[in-house]
Structures are given as structure tokens and as C-alpha cells.
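Novice: The following block contains a protein sequence and its predicted model.
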Amino acid sequence: MQAIALKRADGDLAPSTWRRFLEFWEREGRSHFAQEESELLPAYARVADPAHPAVVRMLLEHVLIRARIAAIGEQPEPVSRELNELGVWLELHVRHEERVLFPLIEDATGMTVG
């Protein structure tokens, strides 16, 4: 939902969309990334190759998304185009996790993810 809102943010909606996204990020987004990195990936690494391209992609995307959020947050006002790009990144990231990474981890560990 957050990705869709960011992708649709235009000039007038950009500030309120950004505020709502930051509320989400502080409430659950940031901790979601941290939990994946501190719990999910170590469980996978115990039984499979942590250098798997799907794992590397997820970690790289986490870094890039965090950097993008920080860069937008440093601006006096959010720029619609940058919010739209962040929304695209988030959407692609979620799709990768749901379609590739989580099934990989479930198959390797027997855990249910997602």
C-alpha cells in the first residue's frame, strides 16, 4: 500500500504522502528490514548459502531504500518524482521477497515466511 501511495504522489499530495510514509517507516518499515536481517537471514545462512543472489539482492535493496529515504528526508520538501521512484523500488523489493526470496528460505529452512 505504501509503495502504491508513493508511486501516485504528485505535487500537492507529495508532502502528506511523505508524512504518512514516514509514520509507516518509523512504526513498522524500519523494524521489518531489521528483523529480516537479524532473524530471517541468519536462519537461512545456517542451512544454505547466504551469498545466494536473491539474498544479496535483498540486502542491497535494503541499503538503497534506506539511503533513498534518508536523502528525501534531508530535503525541505519531498519531490514527487523521488517519491514515485521510491515507490517503484519498494514495490519491486516486495515482489522479489514474496516471489523469490521467501520461497527460497521456506524451502531451505522449513520456516513459513511472510
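Specialist: Noted; the coordinates are in hand.
Novice: for Pro50, what are its contacts?
Specialist: Pro50 makes contact with 41, 44 under the criterion Cβ atoms under 8 Å, 6 or more residues apart in numbering. The C-beta positions use only the backbone N, C-alpha and C, and glycine is treated the same way.
Novice: So what's the residue count around Leu86?
Specialist: Residues near Leu86, counting by other Cβ atoms under 10 Å, number 24.
Novice: Remind me which helix or strand the spatially most central residue of the chain belongs to.
Specialist: Centroid-nearest residue in the chain, with Cα atoms, centre = their mean: Leu90, separated by 5.0 Å. Assigned by DSSP states H and E, Leu90 belongs to helix 80-96.
Novice: how about Gln3, secondary structure?
Specialist: Quick fix: residue 3 reads Ala, not Gln. Judged by DSSP: H, G, I helix; E, B strand; the rest coil, the three-state class of Ala3 is helix.
Novice: so it makes contact with Glu85?
Specialist: No - distance between Ala3 and Glu85: 11.0 Å, which falls outside the contact criterion (Cβ atoms under 8 Å).
Novice: so Pro76 is in which element?
Specialist: Pro76 belongs to no helix or strand when elements are defined using DSSP H and E.
Novice: Please name the residues that touch it.
Specialist: Counting by Cβ under 8 Å, 6+ apart, there are no residues that Pro76 touches.
Novice: Just the pLDDT for Thr112.
Specialist: What the model reports for Thr112 is a pLDDT of 88.
Novice: what about it, distance to Gly29?
Specialist: Using Cβ to Cβ, to the nearest Å, one obtains 21 Å as the distance from Thr112 to Gly29.
Novice: if you count what's nearby, which of these two comes out ahead?
Specialist: More neighbours sit around Gly29 than around the other of Thr112 and Gly29, counting by other Cβ under 10 Å; the figures are 18 against 8.
Novice: show me the residues around the more buried one that make contact.
Specialist: For Gly29, the contacting residues are Gln2, by Cβ under 8 Å, 6+ apart.
Novice: The longest helix along the chain versus helix 80-96: what angle between them?
Specialist: Of all the elements of type helix in the chain, the one with the most residues (DSSP state H) is helix 53-73. For the pair helix 53-73 and helix 80-96, the angle between their directions (axes from the mean of the first three to the mean of the last three Cα atoms, to 10 degrees) equals 160 degrees.
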